[in-house]
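quick one, fold the following:
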Amino acid sequence: MTIDISKFVQVPELKWIGGASYARSEDTLVGRYEVERLASDSEWFLSRGLWRGGVHPSLDAAKAAAQADYTARRLAGLAPTPALVALMSERNKLRAALSDLLADAMLQAREDRAAFASTKREQGSAA
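Reported below is the predicted structural model:
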């Protein structure tokens, strides 16, 4: 069973320090992200140590790319515990059982309505 661990954990937002032409994140488990304005306001360079995150059209876009990289790196190091896998498996079994019960109830309701209509018809023709 594959479990999307991102549904069960929350990666913290990067905190930024800086001014109009340069910003850096606070230190993280994967290093510090830096964003620097290049020649114009439409060119912002993102890096983390030797990693190069490319040129982005705005400071906000570069920060969003840094957050996406940070989130992916943090999630890549996580795996579901056996307890979570067992819990998800049990949840899937319960969902299947509930689905079966609902289908049975709907079928029974249809049969009951048909029987009721048939009884009404028989009573009407007997009168």
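
how far away from the center of its chain is the helix or strand containing residue 113?
Element membership for residue 113 (DSSP states H and E) is helix 82-126. The chain centre lies 31 Å from the centre of helix 82-126; the measure is C-alpha atoms, centre = their mean, to the nearest Å.

packing partners of it?
Contacting helix 82-126 under the criterion 3 or more C-beta pairs under 8 Å, 6 or more residues apart in numbering; DSSP states H and E is no other helix or strand. The C-beta positions use only the backbone N, C-alpha and C, and glycine is treated the same way.

mean confidence for that helix?
For helix 82-126, mean pLDDT is 88.

list the contacts for the closest residue to residue 3 other than its chain neighbours?
Excluding the flanking residues, the one nearest residue 3 by C-beta to C-beta, 6 or more residues apart in numbering is residue 80, at 4.5 Å. Applying C-beta atoms under 8 Å, 6 or more residues apart in numbering to residue 80 gives the contacts 3, 5, 8, 88.
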